[in-house]
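Engineer: Here is my input, please return the structure:
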Amino acid sequence: MLNLKGDHSMKSLAKNISMLFLALVALSCSKSELYQYPSSESDATAITGFSLVNEAAASVIDGAAAIDRAAGTVTVKAVAGTDLTRLYPRATVSEGVMVEPQMGYATNFTAPVQYRLTAGDRKTVQVWTVTVVF
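Structural biologist: Presented below is the predicted three-dimensional model:
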């Protein structure tokens, strides 16, 4: 004979354990814990170096990137024939700076791309524009 009351109790217990497990996983993966950037007292938001590679990790820059700190721009001349739709940017930035969106991921540079740099003091913000030309 089946004990329906006991069966219901077991289902309820399993459901509660599952919910507790999901809650613990969600809490342990909060963005603030995953992305702890070092801060500093600096208000600098400079890009001091810039590189751009393709999926084969080969540089696609013809010459050097032109970095204009006052204007907050980076202009890159790409090697002729480069597919601009899937390039990987990398930058050297001032100490403690956070860059959004994060660099190092496939990015479409058929139009200028903007990056928001937040200084180490977490108060100063500058938007930089990266343009790739032929």
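
Engineer: Tell me the secondary structure at the residue nearest in space to the middle of the chain.
Structural biologist: The centre of the chain sits closest to Q102, judged by Cα atoms, centre = their mean, with a distance of 2.0 Å. For Q102, the assignment made with DSSP: H, G, I helix; E, B strand; the rest coil gives coil.

Engineer: And the pLDDT for it?
Structural biologist: With respect to pLDDT, Q102 scores 95.

Engineer: Outside of the longest strand along the chain itself, list whatever touches it.
Structural biologist: Ordering each strand of the chain by length in residues (DSSP state E) puts strand 125-133 first. Identification of contacts with strand 125-133 by Cβ atoms under 8 Å, 6 or more residues apart in numbering yields 45, 47, 50, 52, 72-78, 84, 87, 89, 109, 112-119. Yep, even glycine has a C-beta here, placed from its N, CA and C like the rest.

Engineer: repeat that for 7 Å
Structural biologist: 45, 47, 52, 72-78, 84, 89, 109, 112-118 (Cβ atoms under 7 Å, 6 or more residues apart in numbering).

Engineer: Can you point out the buried residues in it?
Structural biologist: 126, 128, 130, 132 (16 or more other Cβ atoms under 10 Å).

Engineer: Which residue ranges of the chain form strands?
Structural biologist: So, for the chain - with DSSP E - the strands run 47-53, 66-68, 73-77, 88-93, 98-100, 113-118, 125-133.

Engineer: Could you dump those into a markdown table with distance to E41 added?
Structural biologist: Formatted as a markdown table, those follow (distance: least, Cβ to Cβ, whole Å):
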| stretch | distance to E41 |
| --- | --- |
| strand 47-53 | 18 |
| strand 66-68 | 24 |
| strand 73-77 | 26 |
| strand 88-93 | 16 |
| strand 98-100 | 15 |
| strand 113-118 | 14 |
| strand 125-133 | 16 |
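
Engineer: re earlier: report the angle between the axes of the longest strand of the chain and strand 47-53?
Structural biologist: Here strand 125-133 points in a direction 40 degrees away from that of strand 47-53 (axes from the mean of the first three to the mean of the last three Cα atoms, to 10 degrees).

Engineer: So what are the sheet partners of strand 125-133 and their directions?
Structural biologist: strand 73-77 (parallel), strand 113-118 (antiparallel) (DSSP bridges).
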